Each structure stands twice: as structure tokens, then as C-alpha cells.
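Engineer: Let's see this in three dimensions:
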Amino acid sequence: MPDLHTTNVLLGIMAAVSVLEALVVIGAAIGGFLAYRRVMQLVTDLEMRQVAPLREKVDAILVDVKAVTARVSQQTERVDHAITGTMDRVDDTAHRVRSSMRDKVAQATGIVRGVRAILMSVLHQDSRPRHRGAADRAQSAA
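Structural biologist: Alright, predicted model coming up:
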């Protein structure tokens, strides 16, 4: 029969090592949990001391930015409306001036053409040689 004493000793050593490993794993888990709790407490404390005041400042800045953006948007709309109205008035005025000038130029052109026609008529009548017809020759012979 084989000797089981050596086997039993080795099994006992393995059982003891397994228990020690279990205790080490449990200790590591507890250590990890304690470290996690401390880190979370540190993060919470840091958040309360550093991040919360910064967040309040950032929120206040965002409120100001929203107010400024709204004001700029409103002013931009007003300027756009004013420019549009001004451009409409300028277009209307240009149309009126163009129409008025067209009428005045047409009148002036008509007057100049009329004077030119009169001058041409007068100048061509005087410079035209008179053709003497048979009746004119008879009167001058007599």
C-alpha cells in the first residue's frame, strides 16, 4: 500500500495556501473598497471646493452671454430692418429721379429738335435757289 502521508501533507499545504489566497483576495477587495471610498470622498470634496464655485461662475457667464446674444440679435434685426427700409426708400427715390429726369430730358430734347427744325427750315429756305418758272420769267420780261 502506498504511503498517503506525503500526499496528505501536500494536500494540507495546498489547502492552507488556498485559504491564504482567499484571505489575500478578500483583503485586496476590502483595501480596494476603502481606497475607492477615500478617492470618492476626495473627489466629492474637491468638487465642492473647486468645481462648484467655478460652475456658478460659468453659469453666471452663460446667463450674461445669453443676454448679450439676445441683445445683439435684436439690434441686428433692427439694423437689418432699417437698412432694408432705407434701401427701399433709396430705390423709390432713384426711380422717381430717373422718371423725372427722363421727362425733363424728353421735354428738352423736344424743344431742341423743334428749334433745330425751325432753324433748318429757315436756313434751307433762304439758301435754296429759286427756280424761275415760265410765269416768273414772263413777269420779269414785262
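Engineer: from here on, contacts and neighbour counts on C-alpha atoms
Structural biologist: Noted.
Engineer: Show me how far the lengthiest helix in the chain is from its chain's centre.
Structural biologist: For the chain, the helix with the greatest residue count under DSSP state H is helix 52-127. Relative to the chain's own centre, helix 52-127 is displaced by 24 Å; criterion: CA atoms, centre = their mean, to the nearest Å.
Engineer: Can you tell me which helices and strands it packs against?
Structural biologist: Here helix 52-127 touches no other helix or strand, going by 3 or more CA pairs under 8 Å, 6 or more residues apart in numbering; DSSP states H and E.
Engineer: For that helix, what does the pLDDT average out to?
Structural biologist: Averaged across helix 52-127, pLDDT comes to 89.
Engineer: residues near Met120, how many?
Structural biologist: 11 (other CA atoms under 10 Å).
Engineer: And Leu54, by the same measure?
Structural biologist: Neighbours around Leu54, by other CA under 10 Å: 13.
Engineer: Also the one 10 residues further on?
Structural biologist: One way to gauge burial is a neighbour count; for Asp64, by other CA under 10 Å, it gives 12.
Engineer: Next, find the distance separating it from Gly85.
Structural biologist: According to CA to CA, to the nearest Å, Asp64 stands 31 Å off from Gly85.
Engineer: ditto for Leu54
Structural biologist: Leu54 sits 46 Å away from Gly85, going by CA to CA.
Engineer: and if you look at Ser73?
Structural biologist: With CA to CA as the criterion, Ser73 and Gly85 are 18 Å apart.
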